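Chemist: A predicted structure for the sequence below; I have some questions about it.
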Amino acid sequence: MTDEKKKETIKLGATRVANAYGLPKNTEIVLERNVRAEMRDGVTLATNVFRPAAAGKFPAILHLATMGKDNFPADVAYDRVPNTGLLKVSEYAIFESPDPMYWVPHGYVVISADCRASWDSEGAEFQHLTQQTATDFYDLVEWAASQEWCDGNVGANGVSYLAITQWLGAAERPPHLKAIVPWEGLNDPYREWAFHGGIPDTEFSRVYFGRTADLVRKGAPFEDWIKGQRDHPLYDEYWRKRHPDLSKVNVPAYICASWSSHLHNRGALEGYKQISSKEKWLEIHGRKEWETYYQRESLERQRRFLDCFLKGKESGIRDLRRVRFEVRERFYESKYRFADDFPVPGTIYQKLFLDMTNAKLGLSPVSREGSIRYSASRNKETPDKAQFSITFDQRVELVGYMKLRLWVSAEGADDMDLHVGIRKFDRHGNEVHLPDFNHLEEGIVAVGWLRVSHRELDEKKSAPWQPWLRHERLLKLAPGEIVPVEIEILPSGTAFDKGERLELTVQGYDVVEFSYRHRHDETVNNGQHLLFAGGKYDSHLLVPAIPMRE
C-alpha cells in the first residue's frame, strides 16, 4: 500500500486483449494510480483513474469495492476459480469490474475506488454496506464530476459487491449520477446473503466476511459481520441500515439477474421491480456470472445503454424490449424471450397439488387427506426427504416465481428447517443439470428455504406468487401443532417439453451441496418432519407458465 500518486501511459497493443475488441492497437490510455478522492468529512479514498490520452472531457464510469484497485486483478482471480467459463480480460481489469481496455478507447474514463478503510483508502473503521458506504458513493460521484477530465456525466458499472454499492449509492441520488449498471447484485443482506428463509448461511457469507481482515487498511479496526449474523438472527436495525430504499433510485438502470446465481438472483429482480426509474431494462441469463458479464454481446448492450445516458447518443437502447430473459432447455442450451415487464405479463400461475398417496403433483385438488413423514436430519437408514413429481403432457415454459404452500408439523422439536429443490428430468429419465452459484455445473432448477418459526408474512409486501417474510419474531410450534407455511422459491426460467418431468424435493438439509456455496449447517431440526396434503390441507406448488411464443 502506498500514498504515492503515479502516472503511466498504456498502449493497447501491448496488453493481453490487444486484438479482442477490434480497436486500434496504437490507442494510448493514461493510468493515474492512487488518485485521492476527498469525501465530505475530509477522508480520502484511493482510486485508479484510466482515461483517454487525448485532450478533452469525457463521461466517467466508476465502481466502489473492497477487493482492492491494485490487489485483485481479474485475469489472476478468475484463473484461481474452476469452471468460470471462457473469459478474456486485460491485466488492468479488477475483479468483477469493467475492463478499462474496452471502455476507455470508446471515450470513457474508468475509476476504480477502494472502500473507506480498505487497502489504500483512509478511514477510522471498515464496515460492510452501511450508510457510510452509500454516502461515500455519493461523494465519489460528485468528486468525479468535478475533475478536469470529466464532462460532468457519471455512471456506475460492476458485478456483485460492485453492484450492491450501486444500489446503496444510487438511493442517495447524487446529482451527477446519470446511469447505473448493477450486474447481478443483491440489496437485502439479511434475506439474500446472511439468512435464507430465516436459516443462517454458514458457508459463503462466513467465508467471504471471514476474509475481511485481509481487505482493511493496515491497522484499521473492522466490523465483525459473522458476529453480527449470530447476534442478530432476526431482521432488526442492524440489517435495515444495510438495506437501501430502492424506491429512491430514479436514474436509468440496466440491470442483470441470473437464474443460476442464488446469491444475487432475488436482489437483482427486486431491484428492477422496486426502483422508481422510468428508463430501466432487465436482462436475465442462466449461465456463468463472469463469463456472461465480459462476453462481447453483453459489453455491447452495456455500451449502448451508457452511450445513451452518459453521452446523449441515440444508440438504439430504447428500441430494445425492456426485459430480455433466457429460458433454459439444458446446460447452455436455451431460447431467449422478450417482454415489457417482470414478472412476465400474462403469466399463468398454476397450482400443482401434492398427493401423498402416490407422491405426485396434480392439477386437481386431492380430496383425501394424507401425510408423509421423514427424518428431519440426514439419515441413510430411514427416509430423510419427501419427493413429488409431475410429467408434462405438452411443452411448458416456467419463468418467474414459484411458491410452495405446505401444511407441516414437527415431532420431537418446536421448529423446522425446510429445504426445497426443483429438478428437471428429460423424457429418458436423466436429470438435467444447470449452472449453479455462478460457475458450478451440477445445479438444479431452483431452491427455497424456510425456518418455520419465521413463517409470519408481511401481507402488504407479499404477492400470491411470492411470500414476503417479516423475520421479526419467532413463532415456535406447539407439540402436535399443524401449521400452513409459504416458502419462497427463487425465481427461475426453464422449459419442460412433453414427456419431461419436474420433481419437487422437501427435506431438512441442503438440497444442493457444493463447497463455497450457501450452506446451512446450524439447524433447529430434530426428530421427524410431517407434511400434510389433501382435503383441508391445500398443499401445492405454484408454478409460473408464461405465454408460449415462437
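Modeler: Thanks, I have it.

Chemist: Look up how far residue 435 lies from the residue lying closest to residue 507 once chain neighbours are set aside.
Modeler: Excluding the flanking residues, the one nearest residue 507 by Cβ to Cβ, 6 or more residues apart in numbering is residue 385, at 3.7 Å. No exception for glycine: its C-beta is placed from N, CA and C like everyone else's. Distance, residue 385 to residue 435, by Cβ to Cβ, to the nearest Å: 24 Å.

Chemist: quick revisit: who's in contact with the residue nearest to residue 507?
Modeler: 374, 505-508 (Cβ atoms under 8 Å, 6 or more residues apart in numbering).

Chemist: Could you tell me which strands sit next to the helix or strand harbouring residue 372 in the sheet, and their orientation?
Modeler: Element membership for residue 372 (DSSP states H and E) is strand 370-375. Using DSSP bridges, the strands paired with strand 370-375 are strand 528-533 (antiparallel).

Chemist: I'd like the mean pLDDT over the strand it pairs with, please.
Modeler: Mean pLDDT, strand 528-533: 98.

Chemist: Residues contacting it from elsewhere in the structure, which ones?
Modeler: Contacts of strand 528-533 (Cβ under 8 Å, 6+ apart): 353-356, 366, 369-376, 386, 406-412, 416, 418, 482, 506, 508, 539.

Chemist: Which of the contacts of residue 385 sits closest to residue 185?
Modeler: Of all the contacts of residue 385, residue 505 has the smallest distance to residue 185: 28.8 Å, by Cβ to Cβ.

Chemist: Could you pull up the contacting residues of the closest one?
Modeler: 385-387, 420-423, 511.

Chemist: Now do the SS call for it.
Modeler: strand (DSSP: H, G, I helix; E, B strand; the rest coil).

Chemist: Identify the residue nearest it in space, chain neighbours excluded?
Modeler: residue 421 (4.3 Å).

Chemist: quick one: the one you found and residue 506, what's the gap?
Modeler: Relative to residue 506, and taking Cβ to Cβ, residue 421 is found at 8 Å.

Chemist: same deal with residue 533?
Modeler: With Cβ to Cβ as the criterion, residue 533 and residue 506 are 11 Å apart.

Chemist: What mean pLDDT does stretch 284-293 get?
Modeler: pLDDT averaged over stretch 284-293 gives 94.

Chemist: remind me which residues of the chain are low pLDDT?
Modeler: The chain contains residues with pLDDT under 70 at 1-3, 75, 548-550.

Chemist: can you give me the strands in the stretch 301-450 of the chain?
Modeler: 323-330, 333-339, 348-355, 360-362, 370-375, 385-391, 396-411, 417-425, 434-436, 440-443, 446-451 (DSSP state E, counting those that start in this stretch).

Chemist: Tell me which of those strands lies nearest to residue 526.
Modeler: Short answer: strand 396-411, nearest of the strands of the stretch 301-450 of the chain by Cβ to Cβ, at 8.0 Å.

Chemist: Residue 157 belongs to a strand?
Modeler: Yes: assigned with three-state DSSP, residue 157 falls within a strand.

Chemist: contacting residues for it?
Modeler: For residue 157, the contact set (Cβ under 8 Å, 6+ apart) comprises 61, 63, 97-98, 180-181, 183, 302, 306.

Chemist: Specify the residue ranges that define each domain of the protein.
Modeler: 6-320, 348-545 (automatic domain parsing).

Chemist: which of the ones you listed sits most buried?
Modeler: Using mean count of other Cβ atoms under 10 Å, the stretch among the domains of the chain with the largest mean neighbour count is domain 6-320, at a mean of 20.

Chemist: returning to what we had before: the strands of the stretch 301-450 of the chain into CSV, with extra columns for distance to residue 253?
Modeler: Listed next are the strands of the stretch 301-450 of the chain as CSV, based on distance: least, Cβ to Cβ, whole Å:
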stretch, distance to residue 253
strand 323-330, 13
strand 333-339, 17
strand 348-355, 27
strand 360-362, 37
strand 370-375, 44
strand 385-391, 37
strand 396-411, 20
strand 417-425, 29
strand 434-436, 24
strand 440-443, 27
strand 446-451, 25
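
Chemist: and the gap between the closest residue to residue 336 other than its chain neighbours and residue 421?
Modeler: Of all residues not flanking residue 336 in the chain, residue 326 sits nearest, at 5.7 Å (Cβ to Cβ, 6+ apart). Relative to residue 421, residue 326 is positioned 20 Å away (Cβ to Cβ).

Chemist: was I right about the residue nearest to residue 505 contacting residue 443?
Modeler: No: applying Cβ atoms under 8 Å, one finds residue 421 not in contact with residue 443, separated by 9.9 Å.

Chemist: Tell me the residues that contact both of these two, please.
Modeler: Shared contacts of residue 421 and residue 443, counting by Cβ under 8 Å, 6+ apart, come down to residue 512.

Chemist: Work out for me the element residue 487 sits within.
Modeler: With DSSP H and E as the test, residue 487 turns up in strand 483-496.

Chemist: Revised request: answer the last question for residue 544.
Modeler: Per DSSP H and E: strand 540-545 holds residue 544.

Chemist: Now do that strand and strand 528-533, the angle between them.
Modeler: Between strand 540-545 and strand 528-533, the angle comes out at 60 degrees (axes from the mean of the first three to the mean of the last three Cα atoms, to 10 degrees).

Chemist: contacting residues around strand 540-545?
Modeler: Residues contacting strand 540-545 (Cβ under 8 Å, 6+ apart): 343-344, 347-354, 361, 388, 396-405, 464-465, 502, 504.

Chemist: so which of the strands of the stretch 301-450 of the chain comes closest to residue 122?
Modeler: strand 440-443 (38.1 Å).

Chemist: Identify the residues contacting the closest one?
Modeler: Under Cβ under 8 Å, 6+ apart, the answer for strand 440-443 is 83, 260, 331, 433-437, 512, 514, 517.

Chemist: how about CSV for those residues, with distance to residue 121 added?
Modeler: Output for the contacts of strand 440-443, formatted as CSV (distance: Cβ to Cβ, whole Å):
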residue, distance to residue 121
83, 33
260, 33
331, 41
433, 42
434, 39
435, 34
436, 34
437, 30
512, 37
514, 33
517, 30
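
Chemist: Greatest separation within these: which pair is it?
Modeler: Going by Cβ to Cβ, the pair spanning the contacts of strand 440-443 furthest: 331 and 517, at 17.5 Å.

Chemist: what about the strands in the stretch 51-200 of the chain?
Modeler: Going by DSSP E, counting those that start in this stretch, the stretch 51-200 of the chain shows strands at 58-65, 109-114, 150-159, 177-183, 195-196, 199-200.

Chemist: Adding distance to residue 92, write the ones you listed out as a markdown table.
Modeler: Putting these into a markdown table (distance: least, Cβ to Cβ, whole Å) gives the following:
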| stretch | distance to residue 92 |
| --- | --- |
| strand 58-65 | 13 |
| strand 109-114 | 9 |
| strand 150-159 | 15 |
| strand 177-183 | 19 |
| strand 195-196 | 36 |
| strand 199-200 | 38 |
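
Chemist: Can you say which of those is nearest to residue 7?
Modeler: Proximity to residue 7 (Cβ to Cβ) singles out strand 109-114 among the strands of the stretch 51-200 of the chain, at 14.1 Å.

Chemist: Sheet partners, orientation included, of that closest one?
Modeler: With DSSP bridges as the test, strand 109-114 pairs up with strand 44-52 (antiparallel), strand 58-65 (parallel).

Chemist: Please put the alpha-carbon coordinates of it into CSV.
Modeler: Presented in CSV, the C-alpha positions along strand 109-114 are these (Å, rounded to 0.1, in the frame of the first residue of the first chain):
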residue,chain,number,x,y,z
VAL,A,109,-12.9,7.5,-18.0
VAL,A,110,-12.9,4.4,-15.7
ILE,A,111,-12.5,4.9,-12.0
SER,A,112,-11.7,2.1,-9.6
ALA,A,113,-12.1,3.1,-5.9
ASP,A,114,-11.3,1.3,-2.7
